[in-house]
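Participant: need a structure here:
(2 chains)
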There are 2 protein chains.
Amino acid sequence: MGGDFGPRVTVPAAVQAVSRFPDVDISLVGDREAIELEMSALKSSLADPRRFSIVHAIEVVDMSDKPTVALRQKPRSSMRMAIDLLHENNADAVVSAGNTGALVAIGCYVLKTLPGIRRPAVCSLIPSIDKHLYLLDLGANVDTDAEHLYQFAILGAALSSAIDGTESPRVGILNIGKEEIKGNDQVKKAHKLIAADKEIDFVGSIEGCDLFSSIADVVVCDGFVGNVALKACEGTASHILSTVKNEFQDNWWSRCSVFFVKHCLNRIYKKLDPQRYNGASFLGLTGVVVKSHGNSSVESFCQAIGQAKKEVESNLVENIGKKLGAAV
Amino acid sequence: MGGDFGPRVTVPAAVQAVSRFPDVDISLVGDREAIELEMSALKSSLADPRRFSIVHAIEVVDMSDKPTVALRQKPRSSMRMAIDLLHENNADAVVSAGNTGALVAIGCYVLKTLPGIRRPAVCSLIPSIDKHLYLLDLGANVDTDAEHLYQFAILGAALSSAIDGTESPRVGILNIGKEEIKGNDQVKKAHKLIAADKEIDFVGSIEGCDLFSSIADVVVCDGFVGNVALKACEGTASHILSTVKNEFQDNWWSRCSVFFVKHCLNRIYKKLDPQRYNGASFLGLTGVVVKSHGNSSVESFCQAIGQAKKEVESNLVENIGKKLGAAV
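Facilitator: Coordinates of the predicted model:
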């Protein structure tokens, strides 16, 4: 029950998810009183109260808590208890809008990484005009070596196969140029490692400007770089959409003309709304963990629940395990 | 005379710059025959042929040349000869659309860095709705340490003061979160170094999504990260503008409605056109060197020439030198 808005967003999102996905039941882990307050306000839209359970937690991981603090000093936090539920097979997936570093640390400690995987990666979908790609890592690791990047290639390809059914996902590495001489040390080394793995359809270096161009299904990068790149994309989108909005409000003629293009503008906003793509996957753990944006809306937190559902139904963890058996 | 299009773009851009800036004369450095061919095609728009000179170069630095190859094996390349002109006071600035790594290497070798500066940085302007900020480094350094980042802060602040007259530029550091625990080692260390310098108005960590939000005048980062972030912004802008275009072409009603919003759309495209902001500054060298995008248009290469003109007129190099005298 974390994130910037807590139960105010996550509880209505859970209610929405239960009515959207008939085969999903939800355990709400957090402060019972706060959850019940939100539930009672939503009474009229509750499909079936039996599809919810509340697991009371007396602690909360704050957004500014160090991962070690969350792990060692808050054993009864909602985040820890949710991951425990998954570990004990009392849940199939965890969805959280809380502190990413803490979620990685608790996930690694309780669930463990899959055999051969040194660190999990956070992976999100980047939409293009006619397709999308998966970008990882987005912040679970901020000092990635070449071996990590190679493992991300395997994890990302497994996600693309499991979720989209792509038989042989094209994997690229985020770089500052297409030429072989470009890049820092770890990227150059990772380039060689990935290229040497015949199981991977490696398309080489991908630049920041190509993230929307459908030339790869998976792009791997260091978590610091990926986090900055993803947020830069979001910042640009929001800057452009404000510019469009302002221009259409600029004078009486442009305000009137909105009438003629309302449908176009609505379609554009809908297509480009980053909330539609909410739900970053933690790959490399023994269970399904999905991270929602901290400031997500009800609809977008519900999207993250949908992403978790897809990963469970496609047996993502088992499929990654099989790939790793062959590759690592 | 490099870049993706060579003299086909750079020569018309030089002609345009000379008619736009009455006090600018231009030396065109490259293959004389190719330059003359372009010049003769533009004869009618030539303001005054005496304001151009051609410096013949028999070699070219290719985009895939390693910096060391460009530096050691091509002493008579157009890039090297242009930098030599600047070094020998036969030019006030160099503008190039060529290989960035080679330009850094030749710039450092021939011009040298300013006292106390270990490596130059490439710096570009990022527009926001009502202002802009300078982001550096954008690729001159791909393994930056904390001391480098601190020097970028000084260089960027000097640029902001010289070009925009900002008295006390607000400097931020690109990071993956606002909290102090966030970031990799070099960012955490640089954070402390910059914060300790009382000459710098340090605003702390800036996330990728805040690059357009006017909360800083200068943002520093590792060159790999900056290059990816800048190109991700460009990729997002181009993706969104294509989406807008497609939506307005989707059916007969939307195609007709373009008539009503043509002016709005043109203003939006103009405001967001990345070519308007072409011209990245090489900061920390003893001379003015401006890097144009490799695939720039005539208009945008002309913008890069305008940027060089501004830097010369504002005595940027001398001003940076003075700041360094105080700070390093």
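Participant: alongside chain B, which residues does the stretch 51-200 of chain A contribute?
Facilitator: Applying C-beta under 8 Å from any C-beta of the partner chain, we find that the stretch 51-200 of chain A lies next to chain B at A:63-64, A:66, A:101, A:128-129, A:139, A:142-143, A:174, A:176, A:179-185, A:187. The C-beta positions use only the backbone N, C-alpha and C, and glycine is treated the same way.
Participant: which parts of chain A are helices?
Facilitator: Under the criterion DSSP state H, chain A contains helices at A:7-20, A:32-41, A:67-73, A:78-87, A:100-106, A:146-164, A:185-196, A:223-247, A:252-272, A:298-313, A:316-327.
Participant: now, of those, which is deepest in the fold?
Facilitator: helix A:100-106 (a mean of 25; mean count of other C-beta atoms under 10 Å in any protein chain shown).
Participant: avg pLDDT for that helix?
Facilitator: Helix A:100-106 shows a mean pLDDT of 93.
Participant: now do stretch A:307-322
Facilitator: Here the average pLDDT along stretch A:307-322 is 94.
Participant: check stretch A:122-131 too.
Facilitator: pLDDT averaged over stretch A:122-131 gives 86.
Participant: what about dumping the CA coordinates of that stretch to PDB?
Facilitator: Only the C-alpha atoms of stretch A:122-131 are listed here, as PDB (Å, rounded to 0.1, in the frame of the first residue of the first chain):
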ATOM      1  CA  VAL A 122      13.500  -3.900 -13.700                       C
ATOM      2  CA  CYS A 123      12.000  -4.000 -17.200                       C
ATOM      3  CA  SER A 124       9.400  -1.800 -18.800                       C
ATOM      4  CA  LEU A 125       7.600  -1.600 -22.100                       C
ATOM      5  CA  ILE A 126       8.300   1.300 -24.500                       C
ATOM      6  CA  PRO A 127       5.600   1.800 -27.100                       C
ATOM      7  CA  SER A 128       6.400   2.500 -30.700                       C
ATOM      8  CA  ILE A 129       3.900   3.400 -33.400                       C
ATOM      9  CA  ASP A 130       3.200  -0.200 -34.500                       C
ATOM     10  CA  LYS A 131       4.800  -2.300 -31.800                       C
END
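Participant: can you list the buried residues in it?
Facilitator: Within stretch A:122-131, the residues scored as buried using 16 or more other C-beta atoms under 10 Å in any protein chain shown are A:122, A:123, A:124, A:125, A:126, A:127, A:128.
Participant: quick one: low-confidence ranges for chain A?
Facilitator: Along chain A, the parts satisfying pLDDT under 70 run over A:1-3, A:45-47, A:254, A:258, A:260, A:274, A:326-328.
Participant: separation between the residue nearest to the spatial centre of it and residue A:301?
Facilitator: Per C-alpha atoms, centre = their mean, the C-alpha nearest to the average position across chain A is that of residue A:280, at 0.5 Å. Distance, residue A:280 to residue A:301, by C-beta to C-beta, to the nearest Å: 12 Å.
Participant: anything in contact with each of those two?
Facilitator: Taking C-beta atoms under 8 Å, 6 or more residues apart in numbering or on different chains as the criterion, residue A:280 and residue A:301 both touch residue A:292.
Participant: hmm, residue A:255 is touching residue A:248, no?
Facilitator: Yes: contact status for residue A:255 versus residue A:248: in contact at 7.0 Å, counting by C-beta atoms under 8 Å.
Participant: so what's the closest residue to residue A:113 other than its chain neighbours up against?
Facilitator: In space, and not counting its chain neighbours, residue A:113 is closest to residue A:284: 5.2 Å by C-beta to C-beta, 6 or more residues apart in numbering or on different chains. Contact partners of residue A:284, counting by C-beta under 8 Å, 6+ apart, are A:113, A:114, A:117, A:119, A:120, A:121, A:151, A:155, A:320.
Participant: same check on residue A:28?
Facilitator: Contacts of residue A:28 (C-beta under 8 Å, 6+ apart): A:1, A:7, A:10, A:11, A:14, A:35, A:52, A:53, A:54, A:55.
Participant: ok, residue A:126 next?
Facilitator: Counted by C-beta under 8 Å, 6+ apart, residue A:126 has contacts A:132, A:133, A:134, A:135, A:211, A:212, A:219, A:230, A:233, A:277.
Participant: neighbour-wise, which of those leads?
Facilitator: residue A:135 (31 neighbours; other C-beta atoms under 10 Å in any protein chain shown).
Participant: that one against residue A:127, yeah?
Facilitator: No: if you go by C-beta under 8 Å, residue A:135 and residue A:127 don't touch, sitting 11.1 Å apart.
Participant: need the contact list for the nearest residue in space to residue A:86 that is not next to it in sequence.
Facilitator: Excluding the flanking residues, the one nearest residue A:86 by C-beta to C-beta, 6+ apart is residue A:287, at 4.6 Å. Residues near residue A:287 by C-beta under 8 Å, 6+ apart: A:83, A:86, A:87, A:93, A:94, A:107, A:111, A:317.
Participant: residue A:130 too?
Facilitator: Applying C-beta under 8 Å, 6+ apart, the residues contacting residue A:130 are residue A:214.
Participant: now do the phi/psi pair for it.
Facilitator: Dihedral pair for residue A:130: phi -120, psi 0, per degrees, to the nearest 10.
Participant: how much space separates it from residue A:40?
Facilitator: 45 Å.
Participant: could you do residue A:201 as well?
Facilitator: As judged by C-beta to C-beta, residue A:201 and residue A:40 stand 52 Å apart.
Participant: same deal with residue A:293?
Facilitator: 27 Å.
Participant: go on, residue A:70?
Facilitator: Counting by C-beta to C-beta - residue A:70 and residue A:40 are separated by 30 Å.
Participant: so residue A:51 makes contact with residue A:26?
Facilitator: Yes: counting by C-beta under 8 Å, residue A:51 does reach residue A:26; the two are 6.8 Å apart.
Participant: identify the contacts common to those two.
Facilitator: Both residue A:51 and residue A:26 are in contact with residue A:18, where contact means C-beta under 8 Å, 6+ apart.
Participant: the more surrounded of those two?
Facilitator: The residue with more neighbours, out of residue A:51 and residue A:26, is residue A:26; 20 against 17, by other C-beta under 10 Å.
Participant: now do the same contact list for that one.
Facilitator: A:14, A:17, A:18, A:51, A:52, A:53, A:305.
Participant: again with residue A:239
Facilitator: Neighbouring residues of residue A:239 by C-beta under 8 Å, 6+ apart: B:128, B:129, B:212.
Participant: which one of the residues you listed is nearest chain A?
Facilitator: Chain A has its nearest neighbour among the contacts of residue A:239 in residue B:212, at 3.8 Å by C-beta to the nearest C-beta.
Participant: residues touching that closest one, list them.
Facilitator: A:235, A:236, A:238, A:239, B:126, B:127, B:128, B:129.
Participant: for those, give me JSON lines that also has distance to residue A:162.
Facilitator: Shown next, in JSON lines, are the contacts of residue B:212 (distance: C-beta to C-beta, whole Å):
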{"residue": "A:235", "distance to residue A:162": "30"}
{"residue": "A:236", "distance to residue A:162": "30"}
{"residue": "A:238", "distance to residue A:162": "31"}
{"residue": "A:239", "distance to residue A:162": "34"}
{"residue": "B:126", "distance to residue A:162": "37"}
{"residue": "B:127", "distance to residue A:162": "40"}
{"residue": "B:128", "distance to residue A:162": "40"}
{"residue": "B:129", "distance to residue A:162": "41"}
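Participant: what's the neighbour count on residue A:48?
Facilitator: For residue A:48, the count of nearby residues is 10 (other C-beta under 10 Å).
Participant: excluding covalently adjacent residues, which one is nearest to it?
Facilitator: Among residues not flanking residue A:48 along the chain, residue A:18 sits closest, at 7.5 Å (C-beta to C-beta, 6+ apart).
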